[in-house]
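**Q** Return a 3D structure for these sequence lines:
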Amino acid sequence: MDWKSRRIVALLETALVEDRAANDVTTALTIDPGLRATATIVAKQACVISGIGCISAFLGLFARLSTKPVGRFEVVSHPEIFDGVRVRKGQAVAVIRANAASILSTERVILNLMQRMSGIATLTNEYVKAVAATRSKTRILDTRKTIPGLRALDKYAVCCGGGLNHRLDLQDGILIKNNHIALGGGLPAVLERALAGRKPGQIVQIEVRTQAELTQAIAGRAESILLDNMTTGEVKKALKLIRAALPRATVEASGNVNLKTVRGYAKTGVDFISVGALTHSATAVDLSMKITADLT
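**A** Got it, this is the predicted structure:
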């Protein structure tokens, strides 16, 4: 993750402005502006960490937004603690040494973002481990079901958990879904137009929900087929037909996949399983920040 990219900086700055961090009246009225402090971010549950880089990014942006000088800051983490690593309950994730007011004023946005990102990474890792237990080559994919504005961070967190990113946006790839089929004159017509009009290197993926649509997708020489809302039995039958007719086509299963069912889908032998829950239903992990004054 490039925490200095224009898109990410704008996102983090928006979070600070939303919280009016540079106008923290409580801190201004109660804390010596020259006081320095040490803060330790602690995992209050076992989890996969994601978003450590946001700490320095937030503190740097706060220093720029603040009307008062805040001085230098330092963020330190153990060499074995980095994004994508599983930590145990009670383990220190990072230590911040900085102006006390800057820590207090950025505490909430830092924790909010890290808790969400680590929640996504942790849930993704559960799916990845469930699939790995089947010894299949199936990989877990995310979707575009992300929080508006946070997609880059949500998808980065998926990667921290061992998952793969599907399309980043609507320009990133061609995925023909049921509404395209319904509005575009049927599956054969939309598939033909997409294959003819795509740019070099673009793969055309099409969603199928029935045996009839699958037959049409195979006849149309689809390069990637998404089997939507099919049972594991239906996926097995569809996969056999696809492999026989289109051996180079990739096959993805999607719809109604959860931690109880994902192993069954992986055992069918599909290349990918996409899971919207990774980003739309992940529970934030519990992280806390313990702050002490530096009196020396």
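**Q** Please count neighbours and contacts with C-alpha atoms only from this point.
**A** Will do.
**Q** Please enumerate the helices of the stretch 101-250 of the chain.
**A** 151-160, 178-183, 187-197, 211-219, 232-245 (DSSP state H, counting those that start in this stretch).
**Q** in the last one, what's buried?
**A** Of the residues in helix 232-245, those scored as buried under the neighbour-count criterion (16 or more other C-alpha atoms under 10 Å) are 232, 235-236, 238-239, 242.
**Q** So which other helices or strands are in contact with it?
**A** Counting contacts by 3 or more C-alpha pairs under 8 Å, 6 or more residues apart in numbering; DSSP states H and E, helix 232-245 packs against helix 211-219, helix 262-267.
**Q** how about a cut-off of 10 Å?
**A** Helix 232-245 sits against helix 211-219, strand 224-228, strand 250-254, helix 262-267, with contacts defined as 3 or more C-alpha pairs under 10 Å, 6 or more residues apart in numbering; DSSP states H and E.
**Q** Between the buried residues of helix 232-245, which sits nearest G197?
**A** Proximity of those to G197 (C-alpha to C-alpha) peaks at I242, which lies at 23.5 Å.
**Q** any idea how far the closest one is from E252?
**A** Note on I242: its distance to E252, by C-alpha to C-alpha, to the nearest Å, is 11 Å.
**Q** between the two, what contacts are shared?
**A** Counting by C-alpha atoms under 10 Å, 6 or more residues apart in numbering, the shared contacts of I242 and E252 are 224-225.
**Q** for Q115, what are its contacts?
**A** 43, 47, 49-51, 109, 121, 283-288.
**Q** Spell out which helix or strand contains R97, please.
**A** strand 92-99 (DSSP states H and E).
**Q** for the stretch 151-296 of the chain, which spans come out with low pLDDT?
**A** 296 (pLDDT under 70).
**Q** Leaving out chain neighbours, which residue sits closest to A57?
**A** Excluding the flanking residues, the one nearest A57 by C-alpha to C-alpha, 6 or more residues apart in numbering is W3, at 6.5 Å.
**Q** Backbone dihedrals for K290, both of them.
**A** phi -100, psi 120 (degrees, to the nearest 10).
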